[in-house]
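Chemist: Next one to model:
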Amino acid sequence: MNRLLFIISLVSNTLLVFAQNSTIESDSKVQDFGKLENINNIQSEFIIKNNGTKKLYVLRADTKKGIKVRINNKAISPGDTSTLFVYIEPTTTGRLDEEIKLVTSADALPYILRVKGDVKSIKADDKTACFYFNQPKRKNTNTTYPPIQFPTPVPSPKTIPDTIKHEEVQPTEPEPPKEELDRKIYKPNNITFLIDVSASMKDSMKLPLMQEAMYSLILALRDIDNVNIITYSDEARIIKQGVNGDNKTVLNNCVSELKAKGPTMGADAILFSLDVVLKNYIDSGNNQLFLITDGVFKFADVYYEKWKDKVADKTIVLSIIALGNDEKAIIQLQTMATKRKGTFTRIQNHTEAKTQVLEQIKQKAKK
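Modeler: Next up is the predicted model:
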């Protein structure tokens, strides 16, 4: 009887393991930071994806007291993603292994995530702490050793000159840090961002991924580059115009303040942005309009004709960055880019966000 109960229990548990977490997935289940020197806190990020057909709700995260867990969006649409942030402040050195049990509407059992590391030292104060270098301890011994006798030097039979001439070493200038956009390779850029801030961009990862893509690009910009930032939802609005690429603080602040809201207006925003591109046009440079959106974007033939009339004999590249998982929208955006002989990129994760926009600029700005 006991043996039968054991077999039934084993089968039930096995089926439950295979049944759990059927719709939830993450980019990684374990993040191991390895050796951690002179730290104050650890921030870990997990991308959570809903593989199901219904909206997934993240109900809570069970973990040790003192660990903070935040999520970008608690309601994740089918096929969409959200970012889970885990904040840990170690209080002691040694091996760190923290478990986060994510309770969702998808399964009976929680989805398990782990953050690991080996804490070697902790900052005393986040503002003033610095690395501490300790001298190795030496064993105290009473053993004494006789002084070492050096042989008397034997004079060389050769005549030694009274003065020895030393070659003068000329100081050399340190090499400047290498630019991501090498001036010898890449032309000046006139870049205009037309950013969709409609309500749909609030959903999960879309807005954060777009911001991450722009932060990475801003880091690479030079003083010969020019940036314009325009947003659109119910209307197009110029946020910044004619900002020098070296003015990174202003550009980063603009990006960090972007918020999603309202309905989407559509094709008129492109023509509005085109006027801004033309106003800041660089004759010998790369003039590129980036449309960043997640939605269906109708750009009728009449708008292509208006684009052609406005541009005339100038060269302006329409580059489209697609976010989200709306396949109908993706197809329409690809068609738009093809018709204008532009470029198309789809961003779905952090790695793509950090590289894709810059790569598109490199393609078009090469001399």
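Chemist: could you say what helices and strands whichever strand or helix holds residue 103 packs with?
Modeler: Here residue 103, judged by DSSP states H and E, is contained in strand 94-104. Contact partners of strand 94-104 among helices and strands, from 3 or more CB pairs under 8 Å, 6 or more residues apart in numbering; DSSP states H and E: strand 56-62, strand 81-88, strand 111-119. Heads up, the C-betas are built off the backbone N, CA and C, glycines and all.
Chemist: Find the least confident helix or strand in the chain, judged by mean pLDDT.
Modeler: Sorting the helices and strands of the chain by mean pLDDT, DSSP states H and E puts helix 2-19 at the bottom, at a mean of 47.
Chemist: Could you pull out the buried residues of whatever helix or strand comes next after that helix?
Modeler: Using DSSP H and E, the helix or strand that directly follows helix 2-19 along the chain is strand 24-26. Residues of strand 24-26 classed as buried: 24, 26 (neighbour count, 16 or more other CB atoms under 10 Å).
Chemist: Equivalent analysis for stretch 320-335, please.
Modeler: Neighbour-count burial for stretch 320-335 flags 320, 321, 322, 323, 324, 325, 326, 329, 330, 332, 333 (criterion: 16+ other CB under 10 Å).
Chemist: The second one and residue 345 touch, don't they?
Modeler: Read that as residue 321. Yes - between residue 321 and residue 345 a contact is recorded at 5.5 Å, counting by CB atoms under 8 Å.
Chemist: Report the rounded mean pLDDT for stretch 88-95.
Modeler: Averaged over stretch 88-95, pLDDT sits at 89.
Chemist: Run through who's touching it.
Modeler: 36, 39-44, 66-67, 96, 98, 115-122 (CB atoms under 8 Å, 6 or more residues apart in numbering).
Chemist: and with 6 Å instead?
Modeler: The contact list for stretch 88-95 (CB atoms under 6 Å, 6 or more residues apart in numbering) reads 41, 42, 67, 118, 119, 122.
Chemist: What is the nearest of the residues you listed to residue 231?
Modeler: Closest approach between the contacts of stretch 88-95 and residue 231, by CB to CB: residue 41, at 33.0 Å.
Chemist: how about the nearest residue to the closest one, chain neighbours excluded?
Modeler: Nearest non-adjacent residue to residue 41, counting by CB to CB, 6 or more residues apart in numbering: residue 89, 4.6 Å away.
Chemist: The one you found: neighbouring residues, count only.
Modeler: Counted with other CB atoms under 10 Å, the neighbours of residue 89 add up to 13.
Chemist: Check the spacing between it and residue 123 real quick.
Modeler: Residue 89 sits 10 Å away from residue 123, going by CB to CB, to the nearest Å.
Chemist: pretty sure residue 110 contacts residue 103?
Modeler: Yes - counting by CB atoms under 6 Å, residue 110 sits close enough to residue 103 to count as a contact (5.0 Å).
Chemist: between those two, who's got more neighbours?
Modeler: Under the criterion of other CB under 10 Å, the comparison of residue 110 against residue 103 puts residue 110 first, with 19 against 16.
Chemist: For the more buried one, which non-adjacent residue is closest in space?
Modeler: With CB to CB, 6+ apart as the criterion, residue 110 has its nearest non-adjacent residue at 3.8 Å, and that residue is residue 101.
Chemist: where's the one you found relative to residue 23, distance?
Modeler: The separation that residue 101 has from residue 23, given CB to CB, amounts to 17 Å.
Chemist: and if you look at residue 314?
Modeler: For residue 314, the distance to residue 23 under the criterion CB to CB works out to 50 Å.
Chemist: Look at those two and report which has more neighbours.
Modeler: Between residue 314 and residue 23, counting by other CB under 10 Å, residue 23 is the more crowded of the two (18 against 11).
Chemist: For that one, give its distance to residue 50.
Modeler: Separation of residue 23 from residue 50 (CB to CB) stands at 6 Å.
Chemist: can you check residue 59 too?
Modeler: Applying CB to CB, one obtains 14 Å for the distance of residue 59 from residue 50.
Chemist: cool, and residue 269?
Modeler: Residue 269 sits 30 Å away from residue 50, going by CB to CB.
Chemist: again, but for residue 313
Modeler: When distances are taken as CB to CB, residue 313 and residue 50 turn out to be 48 Å apart.
Chemist: The two: which has the busier surroundings?
Modeler: residue 50 (25 against 4).
Chemist: can you count the residues close to residue 300?
Modeler: Burial of residue 300 is recorded as 10 neighbouring residues (other CB under 10 Å).
Chemist: Next up, the contacts around it.
Modeler: With contacts taken as CB under 6 Å, 6+ apart, residue 300 has no neighbouring residues.
Chemist: next one: the one 10 residues further on
Modeler: Taking CB under 6 Å, 6+ apart as the definition of contact, the neighbours of residue 310 are residue 274.
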